[in-house]
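S.K.: need a 3D model of the sequence below.
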Amino acid sequence: MGGDPASGRGYDRFGVATDYLRSLRVGDVVKVILKESGRFRLPTPSNTHADVRKIPLIMIGPGTGVAPFLAFLQKIL
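M.R.: Numbering: from 1, shown residues only. Here you go, the predicted structure:
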């Protein structure tokens, strides 16, 4: 049955990508396509924020998991 007793859920939840990646075996080939967004930009330093790491960010990712946020943080740190 699985699940986390503390959450009250009687089953395990897996994201689509996580479940797919978990199913891969050594030697499997995965096609990856990188596409830069034409509109989204991380904040850049301005006169008021000399250090990009101190610019406040609110990140909302319904169903995206944490991977995009880790990439954003890696980019600015």
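S.K.: next, the buried residues of the helix or strand of the chain with the lowest mean pLDDT.
M.R.: Sorting the helices and strands of the chain by mean pLDDT, DSSP states H and E puts helix 67-76 at the bottom, at a mean of 78. When burial is assessed from 16 or more other C-beta atoms under 10 Å, helix 67-76 yields no buried residues. C-beta: built from backbone N, CA, C; applies to glycine.
S.K.: using CSV, write out every CA atom in that helix.
M.R.: Below are the C-alpha coordinates for helix 67-76, written out as CSV (Å, rounded to 0.1, in the frame of the first residue of the first chain):
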residue,chain,number,x,y,z
ALA,A,67,13.7,21.1,-10.8
PRO,A,68,13.0,24.5,-12.5
PHE,A,69,13.5,26.3,-9.2
LEU,A,70,16.8,24.6,-8.5
ALA,A,71,17.9,25.6,-12.0
PHE,A,72,16.9,29.3,-11.3
LEU,A,73,18.8,29.3,-8.0
GLN,A,74,21.9,27.7,-9.6
LYS,A,75,21.8,30.4,-12.3
ILE,A,76,21.7,33.3,-9.9
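S.K.: which stretches of the protein have low pLDDT?
M.R.: Under the criterion pLDDT under 70, the flagged ranges of the chain are 1-14, 43-50, 52, 62-64.
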